[in-house]
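Q: have a look at this prediction, sequence included:
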Amino acid sequence: MKRKYTNTELWLLWGISFGMGSSVVVFALTSSTGSWALTGLGAMLGLIIGTFKDRSKSPRP
C-alpha cells in the first residue's frame, strides 16, 4: 500500500530544494559561504507552511 505524505513533509522537501537551489546560485555569484544558510531558511519556511497547512486541514474539536 502506498503511503500518503503529509503537507509538512512535502513542504519541507520543497523548502530544502528551493533553498539549496538558491544557495548554489548565490554562492556561484558571490563566493560567499554564508549563502548556504539559505538552505536552512528554506527548510524552516517549508516546515512552517506545511505545519499550518496540516493544521488547517485537521478537524477542529
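A: That came through, no problem. Owing to the predicted nature of the structure, the values given are computational and were not obtained by experimental measurement. Residues are numbered from 1 along each chain as shown.

Q: who touches Asn7 in this structure?
A: Asn7 is in contact with Ile49, Gly50, Thr51, Lys53, Asp54, Lys57, counting by CB atoms under 8 Å, 6 or more residues apart in numbering. For glycine as for every other residue, the C-beta is placed from the backbone atoms N, C-alpha and C.

Q: select only the buried ones of those in ChimeraX?
A: Listed next is the ChimeraX selection for buried residues among those, using 16 or more other CB atoms under 10 Å:
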select :49,50
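
Q: what's the closest of the contacts of Asn7 to Leu13?
A: Distances from Leu13 to the contacts of Asn7, taken as CB to CB, are shortest for Gly50 (9.1 Å).

Q: and the closest one, what is it in contact with?
A: With CB under 8 Å, 6+ apart, Gly50 has these contacts: Thr6, Asn7, Thr8, Glu9, Leu10, Trp11, Leu12.

Q: thinking again about what came up before, is it possible to export the contacts of Asn7 to a markdown table including pLDDT?
A: Formatted as a markdown table, the contacts of Asn7 follow (pLDDT from 0 to 100):
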| residue | pLDDT |
| --- | --- |
| Ile49 | 89 |
| Gly50 | 89 |
| Thr51 | 89 |
| Lys53 | 87 |
| Asp54 | 86 |
| Lys57 | 75 |
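
Q: ok, which pair from the contacts of Asn7 is furthest apart?
A: It's Ile49 and Lys57 that sit farthest apart of the contacts of Asn7, by CB to CB, at 12.7 Å.

Q: quick one: the helices in this structure, in order.
A: Per DSSP state H, the chain carries helices over the ranges 7-30, 37-57.

Q: let me have those helices in a markdown table, adding distance to Met1 as columns.
A: Converted to a markdown table, the helices of the chain look like this (distance: least, CB to CB, whole Å):
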| stretch | distance to Met1 |
| --- | --- |
| helix 7-30 | 17 |
| helix 37-57 | 21 |
